[in-house]
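# please work out how this folds:
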Amino acid sequence: MTMSKSSRVKTANEPWDALIRTMMPKPVALQDGLLVGGDPGEVVVRITAREIAVAAFANVWDGQTPRVAPQGWKTFPLDAKPARVAQAIIKARARRLGTYRWCPECHEINPPEWMADSTCQSCAEKLGAVF
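Now for the predicted structure:
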């Protein structure tokens with residue numbers, strides 16, 4: 001879900017916010033105060049008054065609801081070179097994509113949270129698995 005300009009949170013780091021959004025996979029959405037790029041999520045960026053932090057996207061399940069739980073934070077000062085931040089976004093995205101798994105039934109590649117044992121959730125449901 002892509003956010004319109006009017007729904008963006010205004011911060012003291014608006015130039016970084018705008019630049020980082022161009023570096024991230026689309027769509028970029030604000031979720032739990034974090035910029036999440038990709039659908040499903042691939043990379044997460046947090047911009048604070050003191051730093052920029054980049055991590056690979058991950059979910060954990062709290063009951064029936066998934067919660068964003070980024071993995072492998074790398075932090076940068078606000079005076080960091082944009083190229084260093086961009087490289088961290090590329091590496092975090094690659095780490096996330098490296099966790100995807102292949103479903104032997106439908107032959108699609110899915111993020112780990114969409115997998116049920118060895119098959120994707122869709123195929124598991126078709127095969128009669130109960131969730």
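
# least confident secondary structure element in this protein?
Of all helical and strand segments in the chain, the minimum by mean pLDDT, DSSP states H and E falls on strand 59-62, at a mean of 83.

# mind listing what's buried along it?
Asn59 (16 or more other Cβ atoms under 10 Å). C-beta here means a position set from N, CA and C on the backbone, and glycine is covered the same way.

# following that strand, which helix or strand comes up?
Per DSSP states H and E, strand 59-62 leads on to strand 65-68 as the next helix or strand towards the C-terminus.

# in its sheet, what does that following strand sit against?
With DSSP bridges as the test, strand 65-68 is paired with strand 59-62 (antiparallel).

# restricting to C-alpha, output the partner strand in CSV.
In CSV, the C-alpha atoms belonging to strand 59-62 read as follows (Å, rounded to 0.1, in the frame of the first residue of the first chain):
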residue,chain,number,x,y,z
ASN,A,59,7.4,-11.0,10.8
VAL,A,60,6.6,-12.8,14.1
TRP,A,61,3.2,-14.0,15.0
ASP,A,62,1.5,-12.9,18.2
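
# quick revisit: residues contacting the least confident helix or strand of the chain, please?
Judged by Cβ atoms under 8 Å, 6 or more residues apart in numbering, the contacts made with strand 59-62 from elsewhere in the structure are Gly41, Pro66, Arg67, Val68, Ala69, Glu113.

# need the worst-confidence member of those.
The pLDDT minimum for the contacts of strand 59-62 sits at Pro66, where the score is 82.

# residues touching it, list them.
Asn59, Val60, Glu113.

# and the protein, what are its domains?
When the chain is parsed with automatic domain parsing, its domains come out as 5-99, 100-131.

# quick one, which of these is packed in tightest?
The densest packing among the domains of the chain, expressed as mean neighbour count by mean count of other Cβ atoms under 10 Å, is seen in domain 5-99 with a mean of 15.

# I'm done for today, thanks for sticking with me.
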